[in-house]
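Participant: Take this sequence and fold it.
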Amino acid sequence: MSVSLIVAELVTNSLKHAFQGRSGGAIQIDFTVERGAYTLTVADDGPGLPDDFAQSRSGSLGQGILQSLASQLHGKICFERGPGTTAHLVFHP
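Facilitator: This next block holds a predicted model:
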């Protein structure tokens, strides 16, 4: 259940932030299993994270939810800057 909530939160964030002022865009969702580790990746082609974004000090409700859900899975979620925003959740079953 936690994985589906994480996907929903990340896709909602992309829809809310990545497509502002644009008529279209892309969201990519990947799920891989390698050496006993599960990796969920959600990426968009939006403007990317703001320069002042720091995951460790973000006080938003959404970030709190993501961190809590990742913790329930004994995993870690991290964000990558680039063109767009990419989130990676890595956990072991």
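Participant: My understanding was that Cys78 contacts Ala70; is that so?
Facilitator: No - the criterion here is CB atoms under 8 Å, and Cys78 misses it with Ala70 at 9.4 Å. Where C-beta positions appear, they are placed from N, C-alpha and C, glycine not excepted.
Participant: Who has more neighbours out of the two?
Facilitator: Ala70 (20 against 11; other CB atoms under 10 Å).
Participant: Pretty sure that one sits against Leu89.
Facilitator: Yes - Ala70 lies in contact with Leu89 (CB under 8 Å); the separation is 5.8 Å.
Participant: need the helix or strand of the chain with the lowest average pLDDT.
Facilitator: Across the helices and strands of the chain, mean pLDDT, DSSP states H and E gives its lowest value to helix 61-72, namely a mean of 88.
Participant: which helices and strands sit right next to it?
Facilitator: Counting contacts by 3 or more CB pairs under 8 Å, 6 or more residues apart in numbering; DSSP states H and E, helix 61-72 packs against helix 2-17, strand 76-82, strand 84-91.
Participant: ok, now with 6 Å
Facilitator: helix 2-17, strand 76-82 (3 or more CB pairs under 6 Å, 6 or more residues apart in numbering; DSSP states H and E).
Participant: what's around Leu69, how many residues?
Facilitator: Here the count is done by other CB under 10 Å, and Leu69 has 20 residues near it.
Participant: what sits against it?
Facilitator: By CB atoms under 6 Å, 6 or more residues apart in numbering, Leu69 lies in contact with 2, 5-6.
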